[in-house]
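# here you go, sequence then predicted model.
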Amino acid sequence: MATDQQVRKEDGYIKGELLYTIFRNEQENFSIAKINILATNEDYQAKDIVIKGYFSDLQETAAYYFYGAFERHPKFGLQYNVTSYQTFIPDTTDGLIAYLSSDLFHGIGKKTAAKIVDALGVNAISSILNDPDALKKVPGLKQDKADLLVKTLKENQGFEYIAVYLAKYGIGLKMAQKIYKHYQDEAISVLQEDPYQYVFDIEGFGFQTADQIARGNGLSLTHPSRIGAGCIYVLQKNIQAGHVFLPIETCISLVMDLLTQPEQPLTEAMVNGRLEELNQDKSVIMLNGNVYLPSLYYAEDGFASNVNRLITKSIEHDTPLAELMKIIGDIEDQEVLSYGKEQFEAIQQALSSKLMIVTGGPGTGKTTVIKGILNAYSTIHDMSADPKTYDSETDYPFILTAPTGRAAKRLTESTGLPAVTIHRLLGWDGQSGFDKNEHEQLKGSYLIVDEFSMVDIWLANSLFKAIPDDMQVLLVGDEDQLPSVGPGQVLADLLASDRIPYISLHDVYRQKEGSKIIELAHLIKQDTCDKAALMNDKDFSFISCHEQQLIDVVTAVFKRAQAKGIELKDMQVLAPMYRSQAGITMINQHLQALINPASSKKREIKTKDAVFRVGDKVLQLVNQPEDGIYNGDIGNVVAIFKENENADRVEQLVIDFEGKEVSYERKDYINVTHAYCISIHKSQGSEFPIVIMPVLPVYQRMLKKNLLYTAITRSKKSLIICGDKQAFLSGVKRLDANQRYTSLIEQLHERLPNVPDMNHSATEETEITPYDFM
Ligand SMILES: Nc1ncnc2c1ncn2[C@@H]1O[C@H](COP(=O)(O)OP(=O)(O)OP(=O)(O)O)[C@@H](O)[C@H]1O
């Protein structure tokens, strides 16, 4: 007699029992294990095999069917990559009694197990899983024992049952784990009734998959769930383009494009009606003709409220102007420099403002102003800026922070004071939120946030929540750089709102030191960059070449640098796109072959897309605050360990990020890529001594003013552009037409109806400032 356990024998399977676990990641439920093979329909003769996949904890006392495919690992040989699995349920009365009375089920002895099988037959397990009340048919079984049995069965079988079910739709074990975590036993019923619900609830669950399942289930193309999921999906997709909301008509038209099928036409009224319903149940927020995902609406709203809260508080010790001027004058004497008019105003205003912005291009003295503010603030409040002079009882007054590790490090180097990333400052737990928030705020008196153009609306909201009423805040950034990778354009909106005091620094000091790079940056900013601006100089060269010559030109530049003894780590290629014969991927392959070629003395590992070798320069692609590394950080591969060489018994790639060593396992290799050439977007917040930048007509779609400006301002000492002058000159004139939809300006205007009395820039001729009297 057979149970109704459906074993997918038409697929490749291995039936086996656990020998030992080689590796387990509890959080992701990822395991690598060795199993003893009991049966298989695969063409495989050995008695055991290493399996890997996203399993719940495998029990030693049970047997399982593993479905998947063999793959040959370059180092570890043949493995079975499991895509779904299920516990083997014995298919005879005796087998089932032995299974139910095993260690897996506490409190069920042989007698009780026999009673259960007697009452429910060999299909007992699926009968109980389908309807726990089935156990009522078992004479004398106490309710508590029945409950425990159901719970254990669900724990052991629930996930597998769901995983097997989901596998039918091509949903892998990793996604199945996420789904099970969210819905537990409800996963299948949700999927059967309304697969679109997954799009709402499960991050990363694609609309197309839900659509395919729903259509298989015969759900109508105009079903409200389908339209609702389409709306959410369209909004989620647009976050990736940086938008905070979509105008309702744009949203409707994108949803129509996504959902309309000739057989069952959709009307705009249907989509509009569904949006209204989603608005009612707070799945979206519709306001002033715009539609938001709630997390973005509340981030913008929260940020605007906190800006309002801070700016409307007054400063406790407002230093008289004359005294301020004297203090700043003394600092000039100490530093042996004379602040420019704009710089002087920036320092003076930052000391007497609750919240203020300093913006300016490269070399305009933003760092000089920060140092001046720190110095003057310490003098006014008669306090030391040296952290060593503070004990654990006294709060250090200055908080210096930046969105990336590199920017924070630069801030430390230039000010000599400790600076950390915003994530670190707020204490990100890597999962759900920050330790510092409106309930547990930051401690200190003066907060300086550098590279603020890179901060998105979510992070800005989290940061501002944590700022106490009595803290002064200075935001520093270059408004002409690319906006944040995440949604919003917070710095640009704050400046455009005209409600926050700001000073724009225009005078370029580094240019006075003869920098062509800075001159070029400012010509781009002022829209006056022409062919003459591209003449070679001591820190700038333009090498003209075609797409087919680019790789040769870039490698020739590196070879020449090598011959001259220039440290190759100081040289960074920045390009706009990955694909094409002259794209980032290709450039990386050639530079790796030149700079870090294969050798019998260097270990290497192959992934689907790349070869990582000891000595390679690599780029981190995601934030990993738990390891203190962030998207855009650059490191070096320092070691590769084989499976049998470390305690975790897995292959590991070890990368050194400026003194911080981080280990990666194979499943994490997608989080790093080669960094001989990196994208301009990833270079935001970083600076390099020598930048080599290919600019070709093939990149045309990407070549825009803010992208090129960001790229050239990454170079500190030398800039070499390779490619086509015309492509560069048209690129710097092309404005980014993809305006982000944000409503921060309106939010600020609602809260702060009047323009505050403030100086924006010392260059406005009509203004008389304290500086004029000095
Ligand atoms: N008032 C001044 N007088 C003389 N030199 C100055 C003055 N202001 C700034 N500098 C010098 O100009 C250079 C650039 O200044 P600073 O580093 O402060 O600019 P920045 O805006 O922070 O530049 P970047 O954004 O490129 O890092 C420095 O060498 C600095 O010492």
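Perfect, thanks for sending it.
# low-scoring stretches of the stretch 601-750 of the chain, by residue?
The model of the stretch 601-750 of the chain has pLDDT under 70 over residues 646-649, 737-738.
# for the ligand, what's its nearest residue on it.
For the stretch 601-750 of the chain, the residue positioned closest to the ligand under CB to the nearest ligand atom is Thr713, at a distance of 6.8 Å. All C-beta atoms are positioned from the backbone trio N, CA, C, and that covers glycine.
# next, the buried residues of stretch 140-154.
Leu141, Lys145, Ala146, Leu149, Val150, Leu153, Lys154 (16 or more other CB atoms under 10 Å).
# my bad, should have said stretch 268-280
Those would be Met270, Val271, Asn272, Arg274, Leu275, Leu278, for stretch 268-280 by 16+ other CB under 10 Å.
# let's see that stretch as CSV, backbone CA atoms only.
C-alpha atoms of stretch 268-280 as CSV (Å, rounded to 0.1, in the frame of the first residue of the first chain):
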residue,chain,number,x,y,z
GLU,A,268,-8.1,53.6,-17.0
ALA,A,269,-11.1,53.8,-14.7
MET,A,270,-10.5,50.3,-13.5
VAL,A,271,-6.9,51.1,-12.5
ASN,A,272,-7.9,54.4,-11.0
GLY,A,273,-10.7,52.7,-9.0
ARG,A,274,-8.2,50.1,-7.7
LEU,A,275,-5.7,52.8,-6.7
GLU,A,276,-8.5,54.4,-4.7
GLU,A,277,-9.1,51.1,-2.9
LEU,A,278,-5.4,50.7,-2.2
ASN,A,279,-5.4,54.2,-0.8
GLN,A,280,-8.4,53.3,1.5
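# quick one: residues contacting the residue of the stretch 451-600 of the chain found nearest the ligand.
Going by CB to the nearest ligand atom, the ligand is nearest to Tyr509 of the stretch 451-600 of the chain, at 3.2 Å. Contacts for Tyr509 (CB atoms under 8 Å, 6 or more residues apart in numbering) come out as Gly340, Gly363, Thr364, Gly365, Thr368.
# that one in helix, strand or coil?
At Tyr509, secondary structure determined by DSSP: H, G, I helix; E, B strand; the rest coil is coil.
# residues from this protein in reach of the ligand?
337-340, 343, 360, 362-368, 509-510 (CB under 6 Å from any ligand atom).
# among the residues you listed, which are in helices?
Among the residues of the chain next to the ligand, the residues falling in helices (DSSP state H) are Gln343, Lys366, Thr367, Thr368.
# my guess is the first one meets Thr367, correct?
No. Assessed by CB atoms under 8 Å, Gln343 is found out of contact with Thr367, at 10.8 Å.
# those two: which is more packed in?
Gln343 (27 against 16; other CB atoms under 10 Å).
# circling back: want to try a markdown table for the ones in helices among the residues of the chain next to the ligand, with pLDDT as columns?
Below are those laid out as a markdown table (pLDDT from 0 to 100):
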| residue | pLDDT |
| --- | --- |
| Gln343 | 95 |
| Lys366 | 93 |
| Thr367 | 92 |
| Thr368 | 93 |
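# would you check which pair of those lies furthest apart?
Greatest spatial distance among these (CB to CB): Gln343 and Thr367, at 10.8 Å.
# quick check: neighbours shared by these two?
Counting by CB under 8 Å, 6+ apart, no residue touches both Gln343 and Thr367.
# quick one on the thing from earlier: just the buried ones among the residues of the chain next to the ligand, please.
Here, 16+ other CB under 10 Å leaves 339-340, 343, 360, 362-368, 509-510 buried among those.
# quick one: secondary structure of Leu235?
helix.
# surely it touches Pro247?
No. Leu235 is beyond contact range of Pro247, at 11.8 Å (criterion: CB under 8 Å).
# more neighbours, those two?
Leu235 (23 against 14).
# ok, that one - contacts?
Contacts of Leu235 (CB under 8 Å, 6+ apart): Leu246, Cys251, Val284, Val291, Tyr292, Leu293.
# what is the rounded mean pLDDT of stretch 152-163?
Average pLDDT, stretch 152-163: 75.
# next, Arg740: secondary structure please.
Assignment for Arg740 (three-state DSSP): coil.
# what sits against the nearest residue to it once chain neighbours are set aside?
Nearest non-adjacent residue to Arg740, counting by CB to CB, 6 or more residues apart in numbering: Gly242, 4.4 Å away. By CB under 8 Å, 6+ apart, the contact set of Gly242 is Pro483, Ser484, Gly486, Pro487, Gly488, Gln489, Asn738, Arg740.
# pull up the overlap in contacts between Leu235 and Pro247.
Val291.
# for the residue of the stretch 601-750 of the chain closest to the ligand, grab phi and psi.
The phi and psi values for Thr713, taken as degrees, to the nearest 10, are phi -80, psi 0.
# so which of the buried residues of stretch 268-280 belong to helices?
Those of the buried residues of stretch 268-280 lying in helices (DSSP H): Met270, Val271, Asn272, Arg274, Leu275, Leu278.
# ok, now which ones touch the fifth one?
Which is Leu275. Leu275 neighbours (CB under 8 Å, 6+ apart): Cys231, Ile248, Cys251, Ile252, Val284, Met286, Val291.
# for these, work out which two are farthest apart.
The span of the contacts of Leu275, defined through CB to CB, is set by Ile252 and Val284 at 12.3 Å.
# quick revisit: let me have the ones in helices among the buried residues of stretch 268-280 in JSON lines, extended by pLDDT and distance to Gln79.
Listed next are these as JSON lines, based on pLDDT from 0 to 100; distance: CB to CB, whole Å:
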{"residue": "Met270", "pLDDT": "93", "distance to Gln79": "49"}
{"residue": "Val271", "pLDDT": "95", "distance to Gln79": "47"}
{"residue": "Asn272", "pLDDT": "95", "distance to Gln79": "52"}
{"residue": "Arg274", "pLDDT": "94", "distance to Gln79": "46"}
{"residue": "Leu275", "pLDDT": "96", "distance to Gln79": "48"}
{"residue": "Leu278", "pLDDT": "95", "distance to Gln79": "45"}
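# make CSV out of those and add distance to Gln549.
Below are those laid out as CSV (distance: CB to CB, whole Å):
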residue, distance to Gln549
Met270, 55
Val271, 51
Asn272, 54
Arg274, 54
Leu275, 52
Leu278, 54
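# from the residues you listed, pick the one nearest Tyr709.
Leu275 (38.0 Å).
# show me the shaky parts of the stretch 251-400 of the chain.
Along the stretch 251-400 of the chain, segments meeting pLDDT under 70 span 317.
# now the helices for it?
268-280, 294-311, 321-335, 341-352, 366-380 (DSSP state H, counting those that start in this stretch).
# tell me which of these is the most buried.
helix 341-352 (a mean of 24; mean count of other CB atoms under 10 Å).
# for stretch 672-686, buried residues please.
Residues 672-686 are the ones in stretch 672-686 that count as buried (16+ other CB under 10 Å).
# quick one: end-to-end length of it, please.
17 Å (CA to CA, to the nearest Å).
# now do stretch 252-267
End-to-end span of stretch 252-267 (CA to CA): 10 Å.
# now what about that stretch, what contacts it?
Here stretch 252-267 makes contact (CB under 8 Å, 6+ apart) with 207, 220-222, 226-227, 230-231, 233-234, 238, 246, 268, 271-272, 275.
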